[in-house]
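Peer 1: starting from these lines, generate the structure:
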Amino acid sequence: MASTERHYGKRAAFGVYVHWPFCLSKCPYCDFNSHVRHAAIDEERFARAFAREIETTAARTGGRTVTSIFLGGGTPSLMQPHTVGAVLDAIGKHWRVADNVEVTLEANPTSVEATRFRGYRAAGVNRVSLGVQALDDASLKSLGRLHTAREALDAVAIARSAFDRYSFDLIYARPDQTPQMWSDELKLAISEAAEHLSLYQLTIEEGTPFFGLHAAGKLKTPDEALARVLYDVTQEVCGAHGLPAYEISNHARLGAECQHNLVYWRGDEYAGIGPGAHGRLDVDGGRYATATEKRPEAWLMRVEAKGHGVVSDERLNSEERADEFLLMGLRLAEGIDPKRYAALSGRALDPSRIDILRDEGAITVQADGRLRVTKDGFPVLDAVVADLAA
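Peer 2: Got it, this is the predicted structure:
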């Protein structure tokens, strides 16, 4: 099956991810490509470089229609609205853009950044994703966040008035968090969230300050059993309030799913623009995995010299494509079509492995043949994927 062919009878989805790499401070749990700069950022120079890389990438991909745009980071809400507008204008100049395109911008819920929300709306953003992370001040302080719980809720209210669609993130399985505390916090969050929540278990990533603290015994996170209880609380509370999980960490009312993230999870095509951005592009019958220079200033100079910041551009073989499809697609509640896996890999999934996983209660096989991971299978998703891919 051609990867640009839309499954489920819809048109081909094509996303554009734009990475703004700067933050006011580095959160101690974060391993994303984000950088703190104490001098002023030359936004006009970066906007020109974004436009140049967009032009080069569009020339390579030809006649795509952009169905979603996601401005991530870093902290994109540190950009002035006119910078966001310049980036969106460049996308519209070099690609066709769908009438119902979803344009998401990630934002910190500080009062300063919330004042820009209407400017972002005027620039073309129609969905905002707020990095709230917690709704109590002690947790926010320990997570290195620069906003208070009150400030976060005020920013959510401003987002609600400025955008038809908004979402926010929370981190759970935090130190000293009990199931009751998380249940209460989640119910408060749902009362503030119109349609979408992203809920992530705290993970200790190598190379972060939290990794060193955890290794030294100075940061204690819930053990595996408690983390599982907190996960179950997440599913139960969100399901009971009309926000079931459509992906392992994302919950939405029916029809309010983040269309850009579905591009990733369904194995569709997307362009990666900006420092450290990744892409998946279909060129000359092959799927290419692209990655750009991570260091912002080095990316900038590379784009100015070459027209793009790409440092890795590898054609994926059939096995790599199929494994990626499996890894991403099984994160979704809708699951995967095994026929698409077979078309990508040149071999079918092993029926005996499917039977074993089904008997163990980790997956179900739908009447139409789709494979879906069960509620019990999601906490051990990596093992399920590894078993199927073997």
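Peer 1: low-confidence ranges, the stretch 51-200 of the chain, go.
Peer 2: 111 (pLDDT under 70).
Peer 1: helix, strand, or coil at Val132?
Peer 2: Classification of Val132 using DSSP: H, G, I helix; E, B strand; the rest coil returns strand.
Peer 1: can you pull up the most central residue in this structure?
Peer 2: Nearest to the geometric centre of the chain sits Asn261, at 5.6 Å (C-alpha atoms, centre = their mean).
Peer 1: surely that one touches Glu247?
Peer 2: Yes: contact status for Asn261 versus Glu247: in contact at 7.0 Å, counting by C-beta atoms under 8 Å. Yep, even glycine has a C-beta here, placed from its N, CA and C like the rest.
Peer 1: and the longest helix seen in the chain, what does it pack onto?
Peer 2: As assigned by DSSP state H, the longest helix anywhere in the chain is helix 43-61. Applying 3 or more C-beta pairs under 8 Å, 6 or more residues apart in numbering; DSSP states H and E, one finds that helix 43-61 contacts strand 14-20, helix 81-94, strand 269-273, strand 278-283, helix 296-306.
Peer 1: ok, 6 Å please
Peer 2: When contacts are defined as 3 or more C-beta pairs under 6 Å, 6 or more residues apart in numbering; DSSP states H and E, helix 43-61 packs onto helix 81-94, strand 269-273, helix 296-306.
Peer 1: now the helices for the stretch 251-390 of the chain?
Peer 2: Secondary structure of the stretch 251-390 of the chain (DSSP state H, counting those that start in this stretch): helices located at 259-265, 296-306, 318-329, 338-345, 351-359, 381-389.
Peer 1: which of the residues in the longest helix of the chain are buried?
Peer 2: 43, 46-54, 56-58, 61 (16 or more other C-beta atoms under 10 Å).
Peer 1: who touches it?
Peer 2: 83, 86-87, 90-91, 94-95, 271, 273, 281, 300, 303, 307-308 (C-beta atoms under 6 Å, 6 or more residues apart in numbering).
Peer 1: Throw the helices and strands packed on helix 43-61 into a markdown table and include mean neighbour count, thanks.
Peer 2: Shown next, in a markdown table, are the helices and strands packed on helix 43-61 (neighbours: other C-beta atoms under 10 Å):
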| stretch | mean neighbour count |
| --- | --- |
| helix 81-94 | 19 |
| strand 269-273 | 25 |
| helix 296-306 | 17 |
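Peer 1: would TSV of these with distance to Phe14 be doable?
Peer 2: Shown next, in TSV, are the helices and strands packed on helix 43-61 (distance: least, C-beta to C-beta, whole Å):
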stretch	distance to Phe14
helix 81-94	11
strand 269-273	5
helix 296-306	22
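Peer 1: for Leu199, which of those is the nearest?
Peer 2: In terms of C-beta to C-beta, the element of the helices and strands packed on helix 43-61 nearest to Leu199 is strand 269-273, at 23.3 Å.
Peer 1: re the thing from before, what angle sits between the longest helix of the chain and strand 278-283?
Peer 2: Comparing the axes of helix 43-61 and strand 278-283 via axes from the mean of the first three to the mean of the last three C-alpha atoms, to 10 degrees yields an angle of 30 degrees.
Peer 1: just give me the longest strand of the chain.
Peer 2: Longest strand of the chain, by residue count under DSSP state E: strand 96-107.
Peer 1: return the set of buried residues in that one.
Peer 2: For strand 96-107, a neighbour-count test (16+ other C-beta under 10 Å) marks 97, 101-107 as buried.
Peer 1: a markdown table for those residues, including distance to Val385?
Peer 2: Formatted as a markdown table, the buried residues of strand 96-107 follow (distance: C-beta to C-beta, whole Å):
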| residue | distance to Val385 |
| --- | --- |
| Val97 | 34 |
| Val101 | 31 |
| Glu102 | 27 |
| Val103 | 31 |
| Thr104 | 27 |
| Leu105 | 31 |
| Glu106 | 27 |
| Ala107 | 32 |
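Peer 1: how about the residues you listed, which pair is most distant?
Peer 2: Between any two of those (C-beta to C-beta), the greatest distance is 21.8 Å, for Val97 and Ala107.
Peer 1: which SSE is Val229 in?
Peer 2: Using DSSP states H and E, Val229 sits in helix 224-240.
Peer 1: helices or strands next to that helix in the packing?
Peer 2: Counting contacts by 3+ C-beta pairs under 6 Å, 6+ apart, helix 224-240 packs against helix 179-192.
Peer 1: mind listing what's buried along the helix it packs on?
Peer 2: Buried residues in helix 179-192 (16+ other C-beta under 10 Å): 181-182, 185-186, 189-190, 192.
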